[in-house]
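**Q** From the sequence below, what's the structure:
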Amino acid sequence: MTLTPGNDEFNTLAEIIAKKVAESIKGCVPEKAKEEAVKEVKEETVEAKKEVKTETVEAKKEVKEEAVEAKKEEEPLYKQEDIRKAVMAFTRESPDNLAKTKGILSDLGLTQLTQLKGELIAQFAEKFRAAGGNL
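**A** As a prediction, the model looks like this:
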């Protein structure tokens with residue numbers, strides 16, 4: 001006895017085989033797709049690292065600029081030695097200048113030049129120049 005399958009049987013057999021193959025490879029990813037996915041993830045990682053590095057460099061630059069600004073703010077416009085020299089020269093010009101300088105100091109609540117610190121230096125310099133001093 002010989003069996004000869006017809007078209008309908010071949011189609012049914014092909015469908016069964018296709019279903020079985022589909023079930024067995026379900027969840028499997030072709031090798032080429034895997035490679036592309038890995039390559040894409042690597043590229044994204046490289047880009048993310050570049051962004052982090054750029055942000056880090058910018059943050060360091062910003063911190064450095066802030067530190068420079070803070071240092072500038074901390075440094076007085078005039079050094080004690082420069083102030084002392086200017087006051088000495090000013091008071092030698094006229095006896096009235098000594099009284100003016102002492103008046104400026106007392107306006108600031110000070111009795112000596114060595115007490116000048118921070119913002120008081122700028123205030124002293126402004127009043128000293130207004131009184132005719134050269135600072």
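**Q** give me the element E62 is part of.
**A** Using DSSP states H and E, the element containing E62 is helix 31-74.
**Q** actually M88, not the one I wrote
**A** Assessed by DSSP H and E, M88 sits inside helix 80-93.
**Q** Could you give me the buried positions within the very next helix or strand once past that helix?
**A** Where DSSP H and E defines the elements, the next helix or strand beyond helix 80-93 is helix 95-107. Within helix 95-107, the residues scored as buried using 16 or more other Cβ atoms under 10 Å are N97, K100, T101, I104, L105. Bear in mind the C-beta positions are built from the backbone N, C-alpha and C, glycine included.
**Q** My guess is the fourth one contacts F124. True?
**A** The reference is to I104. Yes: using Cβ atoms under 8 Å, I104 makes contact with F124 at a distance of 6.2 Å.
**Q** pLDDT for the buried residues of helix 95-107 - can I get that in a markdown table?
**A** Shown next, in a markdown table, are the buried residues of helix 95-107 (pLDDT from 0 to 100):
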| residue | pLDDT |
| --- | --- |
| N97 | 92 |
| K100 | 92 |
| T101 | 93 |
| I104 | 93 |
| L105 | 93 |
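**Q** any idea how this structure splits into domains?
**A** 29-74, 80-130 (automatic domain parsing).
**Q** Now do the shortest one, average pLDDT.
**A** Looking back up the chat, that one is domain 29-74. Taken as a whole, domain 29-74 has an average pLDDT of 75.
**Q** Find the centremost residue of the protein, please.
**A** Nearest to the mean C-alpha position of the chain, by Cα atoms, centre = their mean, lies A59 at 2.2 Å.
**Q** Quick check: it vs E126, distance?
**A** In this view, A59 and E126 are 37 Å apart by Cβ to Cβ, to the nearest Å.
**Q** what do you get for T101?
**A** Plainly put, T101 is 14 Å away from E126 if you go by Cβ to Cβ.
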